[in-house]
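[1] 3D model of this:
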Amino acid sequence: MVELIALRSPADLYAKSPEMFFAELITYVTFALGLWHARRNGPAHVLFFLIALCAASFVDPFCLISPQIRNYFHSHASVLMWDRHVAPWQFPFFADLAYVGGAVVWALGLDLVSETLLVGFVSSYTFYVFDVYACRWLLYQWHNQDPLYQARTLCVPLASSMWVMTYSMTASLLGRLGARFVERHGLTWDAYTMAFALPAGVLVFLPLHIVPISLVYFPTYVAGQGSYAAVLGFGLACLAVAAVRTKAFAQRRPSDAALWIAVAQSAVWFGGCFSVLVLLDPGNVVSKCVHEPFGGASAATSALCTETETYLFGLGVRKRYVCADELAWWRIAPDTDTGALPLPGDERYTIRGLPMDDETFWHQARSIALGVAVHAACFALAATATKRKKSKQL
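    Model (predicted):
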């Protein structure tokens with residue numbers, strides 16, 4: 001029988017899974033700040049924010065529930081739905097994915113093409129630190145046997161980094177285009193206009209955001225090489241084209257208060273990730289939830305370790321089970337209640353993170369520092385340009 005909903009109290013979450021407690025706290029605080037910032041800046045920002053919120057929120061539950069996709073698995077959050085596959089805390093998380101970096105770039109007032117490309121670049125450096133947090137502290141785990149996720153930086157699949165860029169770019173572009181459409185047709189922004197613009201934006205978003213990743217990343221996945229060069233090259237190309245095209249700031253400017261809200265949003269995001277890095281050892285993290293099906297100790301002792309399945313509706317083939325000798329970023333652990341280890345074929349079992357090591361610590365520390373530097377540079381440019389505009393008006 002399907003378990004429709006599983007709940008944990010905040011007290012239990014904090015006591016037993018502080019890494020998840022802080023992940024949700026960071027997500028909800030940045031979401032609230034992002035929504036506040038969007039409302040202060042007008043309908044275009046709100047549309048951008050809502051498209052980022054709704055697009056993946058509509059598709060993600062299907063991806064997690066359908067055996068044809070099911071390419072990552074959640075640890076036990078405060079709320080899990082549908083046999084513990086769907087984690088609602090990720091819905092606001094999708095808005096953060098695009099808007100934490102997007103708000104920084106939109107403050108610059110660039111032309112449409114430069115802005116769109118720079119949103120992708122900045123978002124990749126913004127979200128990567130949370131992806132490292134997620135995979136090392138077991139917030140969610142990508143499918144260990146999916147060929148699409150074999151190319152990784154530390155523990156983060158390059159496919160995820162590429163998807164973050166295309167997701168944020170598409171949401172940003174459609175937010176601007178939707179607002180321009182309304183303005184050019186002399187429409188008034190009200191609840192009825194937003195009720196039309198948001199579904200239209202999401203419907204266009206779903207196929208459109210797949211185009212860049214299909215053109216840039218999938219060929220390297222099929223070829224089995226070049227994934228890192230493709231993702232890095234795409235990000236640098238976005239930055240280079242935006243830099244070449246940018247000749248002067250446009251007239252769009254946020255208010256000082258709204259810019260401060262965006263600064264606060266970035267501070268919570270990076271400060272939260274840094275606090276987790278310093279305070280929580282991933283070796284103490286235990287996740288008792290639905291995970292990738294367990295095949296046994298190794299292929300020598302279990303035939304399940306070599307069993308394969310088709311997925312993506314017949315387009316791909318991957319191993320059906322993960323085995324203990326194939327694990328890189330977490331390990332099988334005894335059940336916290338019974339002390340039992342999982343049996344071959346089990347999906348609900350306990351895993352434990354690996355202890356902090358120097359490679360992970362300094363990799364994450366550098367990533368956070370780089371993300372902060374990118375945000376600080378954009379905020380400095382936005383603040384300087386705003387001051388210049390005010391002095392000219394005086």
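[2] what separates the spatially closest residue to residue 274 that is not a sequence neighbour from residue 127, distance-wise?
    What sits nearest to residue 274 in space, not counting adjacent residues and going by Cβ to Cβ, 6 or more residues apart in numbering, is residue 368, at 5.2 Å. Just so you know, the C-beta spots here come from the backbone N, C-alpha and C atoms, and that holds for glycine as well. Using Cβ to Cβ, to the nearest Å, we find residue 368 at a distance of 12 Å from residue 127.
[3] do residue 361 as well
    20 Å.
[4] and if you look at residue 258?
    The gap separating residue 258 from residue 127 is 22 Å, by Cβ to Cβ.
[5] Identify the residues contacting stretch 226-241?
    Stretch 226-241 has contacts (Cβ atoms under 8 Å, 6 or more residues apart in numbering) with 113-114, 117-118, 120-121, 124, 151, 153, 158-159, 161-162, 165, 169, 212, 216-217, 219-221.
[6] Name only those of these that count as buried.
    114, 117-118, 120-121, 124, 151, 153, 158-159, 161-162, 165, 169, 212, 216-217, 220-221 (16 or more other Cβ atoms under 10 Å).
[7] Go ahead and measure how far stretch 141-153 is from the middle of the chain.
    Remark: stretch 141-153 is offset 15 Å from the chain centroid, using Cα atoms, centre = their mean, to the nearest Å.
[8] May I see the buried residues of it?
    Buried residues in stretch 141-153 (16+ other Cβ under 10 Å): 141-146, 148-149, 151-153.
[9] Distance across it, terminal residue to terminal residue?
    14 Å (Cα to Cα, to the nearest Å).
[10] who does the strand or helix carrying residue 24 touch, helix- and strand-wise?
    Assigned by DSSP states H and E, residue 24 falls within helix 18-41. If you count contacts as 3 or more Cβ pairs under 8 Å, 6 or more residues apart in numbering; DSSP states H and E, helix 18-41 packs onto helix 10-16, helix 43-65, helix 90-106, helix 112-136, helix 256-279.
[11] Recalculate using a threshold of 10 Å.
    helix 10-16, helix 43-65, helix 90-106, helix 112-136, helix 256-279, strand 286-290 (3 or more Cβ pairs under 10 Å, 6 or more residues apart in numbering; DSSP states H and E).
[12] Flag every buried residue along that helix.
    Buried residues in helix 18-41, defined by neighbour count with 16+ other Cβ under 10 Å: 18-27, 29-31, 33-38, 40-41.
[13] tell me the mean pLDDT for that helix?
    Averaged across helix 18-41, pLDDT comes to 95.
[14] Okay, angle between that helix and helix 112-136 too, please.
    Computed by axes from the mean of the first three to the mean of the last three Cα atoms, to 10 degrees, the angle separating helix 18-41 from helix 112-136 equals 160 degrees.
[15] More neighbours: residue 258 and residue 127, which one.
    A direct count of neighbours by other Cβ atoms under 10 Å for residue 258 and residue 127 places residue 127 higher, at 27 against 20.
[16] so what's the more buried one up against?
    Listed by Cβ atoms under 10 Å, 6 or more residues apart in numbering, the contact partners of residue 127 are 93, 96-98, 100-101, 134, 156, 160-161, 163-165, 167-168, 269, 371.
[17] Try it again at 6 Å.
    For residue 127, the contacting residues are 97, 164, by Cβ atoms under 6 Å, 6 or more residues apart in numbering.
[18] ditto for residue 198
    Going by Cβ under 6 Å, 6+ apart, residue 198 touches residue 50.
[19] Go ahead and list the helix or strand containing it.
    Counting by DSSP H and E, residue 198 is found in helix 191-208.
[20] Convert the C-alpha atoms of that helix to CSV, please.
    Provided in CSV are the C-alpha atoms of helix 191-208 (Å, rounded to 0.1, in the frame of the first residue of the first chain):
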residue,chain,number,x,y,z
ALA,A,191,-4.4,38.6,-11.0
TYR,A,192,-6.1,37.7,-14.4
THR,A,193,-3.0,38.6,-16.4
MET,A,194,-0.7,36.6,-14.1
ALA,A,195,-3.1,33.7,-14.2
PHE,A,196,-2.6,33.6,-17.9
ALA,A,197,1.1,34.5,-18.1
LEU,A,198,2.3,31.9,-15.5
PRO,A,199,0.7,28.8,-17.1
ALA,A,200,1.8,30.0,-20.5
GLY,A,201,5.3,30.6,-19.3
VAL,A,202,5.5,27.1,-17.6
LEU,A,203,4.2,25.4,-20.8
VAL,A,204,6.8,27.1,-22.9
PHE,A,205,9.5,26.5,-20.3
LEU,A,206,9.2,22.7,-20.1
PRO,A,207,10.4,21.9,-23.6
LEU,A,208,12.5,25.0,-24.0
